[in-house]
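Enquirer: dropping a prediction and its sequence here:
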Amino acid sequence: MTLETAAALDTLQQIVSSAPRGISHSYLDSIIATREQALGLAPGTFAQTSQTTAVTDAAGYFSFKNQAPGVYAIRAGLDGYFGPAINGAPATTITKSVTVEAQKTVPPIDISMAKGGIITGRIRDPNGQAIAGMTVAATRLTYSNGRPQWVVVASKATDDRGEFRIFWVSPGEYFVGAPFPAGASAVPLDSWTRTFFPGVTDPTTATPLVLKDGADISRIDFTVQKIAATSTYTISGTATNPLAVPNATTGFIDRYPNTFLLSPRELANQDSVTQQFVQNAIPLAARPNGEFEIHNVPPGDYDLYTYYLSPPAPDSGTTRDYVDRARVTIRDADVKGINLQIQKGAEIRGKVVSQPATSLPLEKIRLNLHSQDSMPEAFAAIVGTILVDAAGNFSASDIPSGRYSLQVTGLSETAYVADIRQSGTSSYDTGFVVGSSSALPLEIAVNANGGTIEGNIQTSDRKPAAGATVVLVPPAGQRQNAMRYKTTKTDAKGNFSMNGVPPGEFTLLAWETVLPTAWMNAAFLDKYQNRGQQIAVTPGTRMNVQLDLIEDH
């Protein structure tokens with residue numbers, strides 16, 4: 001059993017153990033069977049009745065006695081303690097694989113966990129008064145296809161003295177602040193803006209806090225900043241939803257959206273700390289025709305979205321986000337007369353072809369949409385997985401207007417995506433546009449003659465670099481396309497293998513730890529460009545490389 005399989009089974013164990021009381025065993029069995037199939041495991045690999053628990057003593061020792069021969073996953077967890085990060089996110093447990101052989105003693109298994117830290121401080125309003133009930137959050141920098149994002153890891157509300165105490169935070173680097181005003185009803189929220197320690201509004205200029213194992217960082221005090229009254233404006237207009245259906249309980253049909261999404265058109269200005277969901281400032285009774293106003297918007301170029309999540313379809317249980325958007329440019333005046341009307345999306349369709357023609361199992365290929373403009377990824381993700389039939393045909397309906405890329409999975413081991421074309425023009429790197437009408441058919445060309453890269457990675461003290469992240473980075477002109485990259489992890493001996501590598505020149509890098517997709521960010525990659533190895537791949541090639549590890553410091 002590999003560490004990856006053990007971790008996957010560990011996740012499944014957590015799902016089962018945290019299931020609500022009264023849930024049927026048949027439902028849990030179906031979850032287990034589906035996960036085992038996805039992992040390529042034989043039915044019954046995970047057995048609910050096979051779980052054994054032990055509690056450590058005061059010195060941290062534990063034991064499992066009289067275990068039958070086999071491969072086991074040992075999972076350890078304790079509130080306030082953390083294992084190694086998984087895909088850049090803190091892990092509340094740690095899993096190790098162990099093999100029990102007949103008539104053999106199992107060597108001691110040491111499991112190390114890091115103790116969570118504590119961050120405390122006080123927050124004041126622009127007049128210097130303590131704020132009670134204000135949410136203060138510890139956020140961390142992550143990446144989504146290379147775009148920097150600040151994600152809330154832990155948060156707490158201030159007490160009556162404006163003090164906060166965020167505890168059991170995993171070791172790492174954090175930015176602490178009030179990313180959104182929430183709490184006390186008497187707070188003049190409209191005049192305040194998000195603020196980070198030591199009192200700045202831009203998270204990129206905030207002071208990072210490095211929280212080590214069991215550390216206690218105190219005196220993180222800051223003052224919430226005010227929005228400059230002369231620098232913000234109002235967007236107004238009407239928004240309607242002709243697709244609305246009667247409420248199942250009340251029968252009321254709500255045709256006038258109240259929640260909007262205001263998203264900067266410049267992708268570099270987006271981050272997940274910014275609360276882009278905004279509410280209509282006009283009370284319900286005062287907007288009989290869907291009138292809306294959005295206040296306190298700073299100058300800039302935006303996409304304003306209104307959306308409607310449909311009820312589950314009776315036949316399939318699927319839902320859709322129906323969307324309309326308007327481009328809004330604010331310079332030095334309010335913007336009026338915006339007209340939004342929620343509408344059904346368009347259809348995309350196309351064909352997967354093998355070049356040259358081979359007997360690739362096209363029906364195993366799966367497609368997923370990803371947003372390439374200001375549209376939230378959730379609007380694309382809700383479309384779900386798009387299936388391909390044995391002839392290579394695919395289609396999906398009700399796709400909101402926008403620019404998208406495709407993620408292609410399920411290819412055979414040596415296959416790769418050679419190109420994605422639309423009306424004879426490549427859209428593989430640039431993405432394709434879905435408008436108000438059906439898009440032109442897409443052609444996805446796949447090739448089964450990809451290369452293989454194998455190698456071994458060691459630490460600076462010549463030990464195997466287990467669990468390192470190995471990334472194959474494409475040339476500069478193709479780095480905006482997530483499908484051009486390949487990633488893998490080293491095994492316990494520091495070995496790695498990549499299959500289905502397309503012909504071309506690449507840079508190969510390996511990190512001890514790295515945030516997912518950080519390598520797609522130009523500023524991040526520039527710091528490590530000279531740490532990688534340049535390689536050239538030809539069709540069907542098989543090469544072995546030795547690669548230096550970029551270690552944590």
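Expert: In hand now; what should we look at? Residues are numbered from 1 along each chain as shown.
Enquirer: all helices for this protein, in order.
Expert: 3-17, 25-38, 377-381, 522-526 (DSSP state H).
Enquirer: which parts of the stretch 51-200 of the chain are strands?
Expert: With DSSP state E, counting those that start in this stretch as the criterion, the stretch 51-200 of the chain has strands at 70-77, 81-86, 89-91, 93-100, 114-115, 117-124, 135-144, 147-157, 163-169, 172-178, 195-196.
Enquirer: switch those over to CSV; also include mean neighbour count and distance to Q480.
Expert: Bear in mind the C-beta positions are built from the backbone N, C-alpha and C, glycine included. Formatted as CSV, the strands of the stretch 51-200 of the chain follow (neighbours: other C-beta atoms under 10 Å; distance: least, C-beta to C-beta, whole Å):
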stretch, mean neighbour count, distance to Q480
strand 70-77, 16, 39
strand 81-86, 18, 26
strand 89-91, 17, 25
strand 93-100, 17, 35
strand 114-115, 17, 36
strand 117-124, 20, 36
strand 135-144, 22, 13
strand 147-157, 17, 11
strand 163-169, 18, 34
strand 172-178, 23, 26
strand 195-196, 24, 29
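Enquirer: point out the one among the ones you listed that comes closest to T329.
Expert: The closest of the strands of the stretch 51-200 of the chain to T329 is strand 147-157. By C-beta to C-beta, the value is 21.9 Å.
Enquirer: how is the chain divided into domains?
Expert: Split into domains by automatic domain parsing, the chain comes to 3-112, 117-227, 235-341, 346-447, 451-548.
Enquirer: any idea of the mean pLDDT in the last one?
Expert: The predicted model assigns domain 451-548 a mean pLDDT of 92.
Enquirer: what distance separates the start and the end of it?
Expert: With C-alpha to C-alpha, to the nearest Å as the measure, domain 451-548 spans 21 Å from end to end.
Enquirer: flag the shaky bits of the stretch 301-450 of the chain, pLDDT-wise.
Expert: Within the stretch 301-450 of the chain, the stretches with pLDDT under 70 are 316-317, 357, 436-438.
Enquirer: for the stretch 351-500 of the chain, which segments count as strands?
Expert: 366-371, 386-387, 393-399, 402-409, 416-422, 425-426, 432-434, 442-447, 451-458, 469-473, 486-489, 495-501.
Enquirer: what's the fourth one packed up against?
Expert: The contact analysis (3 or more C-beta pairs under 8 Å, 6 or more residues apart in numbering; DSSP states H and E) places strand 402-409 against strand 366-371, helix 377-381, strand 432-434, strand 442-447.
Enquirer: check the fifth one too.
Expert: The elements that strand 416-422 packs onto, with contact taken as 3+ C-beta pairs under 8 Å, 6+ apart, are strand 442-447.
Enquirer: buried residues in the strand it packs on?
Expert: For strand 442-447, the neighbour count (16 or more other C-beta atoms under 10 Å) marks 442-447 as buried.
Enquirer: what is the orientation angle of that strand with strand 495-501?
Expert: Put simply, strand 442-447 runs at 130 degrees to strand 495-501, going by axes from the mean of the first three to the mean of the last three C-alpha atoms, to 10 degrees.
Enquirer: what packs against strand 442-447?
Expert: Against strand 442-447 (3+ C-beta pairs under 8 Å, 6+ apart) you get strand 346-354, strand 402-409, strand 416-422.
Enquirer: now render the ones you listed as CSV, adding mean neighbour count and distance to P283.
Expert: Listed next are those as CSV, based on neighbours: other C-beta under 10 Å; distance: least, C-beta to C-beta, whole Å:
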stretch, mean neighbour count, distance to P283
strand 346-354, 19, 35
strand 402-409, 18, 32
strand 416-422, 20, 46
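Enquirer: nearest to S374, of those strands?
Expert: strand 402-409 (8.4 Å).
Enquirer: with just CA atoms, put that closest one into CSV.
Expert: Extracted in CSV, the C-alpha atoms of strand 402-409 (Å, rounded to 0.1, in the frame of the first residue of the first chain):
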residue,chain,number,x,y,z
GLY,A,402,-17.4,33.4,-20.7
ARG,A,403,-13.9,32.2,-21.6
TYR,A,404,-12.9,28.7,-20.6
SER,A,405,-10.2,26.1,-20.8
LEU,A,406,-10.6,22.3,-20.6
GLN,A,407,-9.0,19.9,-18.3
VAL,A,408,-8.7,16.5,-19.9
THR,A,409,-8.3,13.4,-17.7
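Enquirer: give me the angle between it and strand 442-447.
Expert: Using the same axes, to 10 degrees: strand 402-409 against strand 442-447 is 30 degrees.
Enquirer: residue nearest the middle of this protein, spatially speaking?
Expert: The centroid of the chain falls nearest to S144 when counting by C-alpha atoms, centre = their mean (6.2 Å).
Enquirer: and P198, how many neighbours?
Expert: The number of residues packed near P198 is 14, by other C-beta atoms under 10 Å.
Enquirer: if you could redo that for A244, that was the one I meant.
Expert: 17.
Enquirer: give the contact list for it.
Expert: 253-255, 308 (C-beta atoms under 8 Å, 6 or more residues apart in numbering).
Enquirer: circling back to that earlier point, mean pLDDT lowest where, among the strands of the stretch 51-200 of the chain?
Expert: Taking the mean pLDDT of the strands of the stretch 51-200 of the chain, strand 89-91 comes last: a mean of 75.
Enquirer: from T195, how far out is the residue in the chain sticking out farthest from the centre?
Expert: In the chain, counting by C-alpha atoms, centre = their mean, Q103 sits farthest out from the average C-alpha position, at 45.8 Å. As judged by C-beta to C-beta, to the nearest Å, Q103 and T195 stand 64 Å apart.
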